[in-house]
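S.K.: Coordinates for the following, if possible.
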Amino acid sequence: MALFRISRRKLADYYAGEILAGHEDVVPQLAAYLMETNRLREVELITRDIEAALARRGVVVAEVASAHALTEATKDAVVAYLKKVTSAAQVEVKELVEPDLLGGVRLKVPGAEMDATLKRKIMKLRAAKV
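M.R.: Predicted structure coming up:
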C-alpha cells in the first residue's frame with residue numbers, strides 16, 4: 001500500500017487537534033505513519049511543529065531547564081509567567097534537570113527562549129573580559 005506524503009504543517013495541525021481532543025493513541029499513530037513513510041529523521045521537526053500548532057490554539061508546551069528539580073511553587077510561578085507573556089490559556093511544562101546550568105532557569109517555548117542560568121551569566125562575564 002503506497003502512502004502519500006503529507007506536509008509537516010498539515011501533520012502538526014492534525015495531531016495538535018487529536019491531542020486537544022484527548023485521543024490517547026496519538027503517539028503510536030504518528031510513529032507508525034512516520035515509519036511507514038520513512039520519515040523518522042523528521043521526528044524532532046514534527047514535534048516542534050506540533051508544539052507550534054498547539055501554541056496557535058492557546059496551549060504552550062514549555063521546556064524548563066534548571067540545575068535542580070523545580071519546587072511546585074517555582075513551577076507555578078513559571079506557568080503564571082508564561083501564561084502572561086504568551087497569552088496562552090494553558091501551559092504544559094517539560095521539566096529538564098541539567099546540573100551543569102549551576103542555577104537559574106532556561107525557558108523555551110515555540111519561537112522564543114529565555115536563558116537566566118548561572119552558566120549563561122558566567123559565559124557572558126568571560127566573554128566581556130576578552
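S.K.: In stretch 65-82, which residues are buried?
M.R.: 65-67, 70, 75, 78-79, 82 (16 or more other C-beta atoms under 10 Å). Every residue, glycine included, has its C-beta placed from N, CA and C.
S.K.: buried residues in the worst-scoring helix or strand of the chain on mean pLDDT?
M.R.: Among the helices and strands of the chain, helix 118-129 carries the lowest confidence by mean pLDDT, DSSP states H and E, at a mean of 89. For helix 118-129, the neighbour count (16+ other C-beta under 10 Å) marks residue 119 as buried.
S.K.: returning to what we had before: in helices, which of the buried residues of stretch 65-82 fall?
M.R.: 75, 78-79, 82 (DSSP state H).
S.K.: you'd agree residue 79 is up against residue 93?
M.R.: Yes: between residue 79 and residue 93 there is a contact under C-beta atoms under 8 Å: 6.5 Å.
S.K.: quick revisit: from the buried residues of stretch 65-82, pick the one nearest residue 16.
M.R.: Nearest to residue 16 out of the buried residues of stretch 65-82 is residue 82 (C-beta to C-beta; 18.0 Å).
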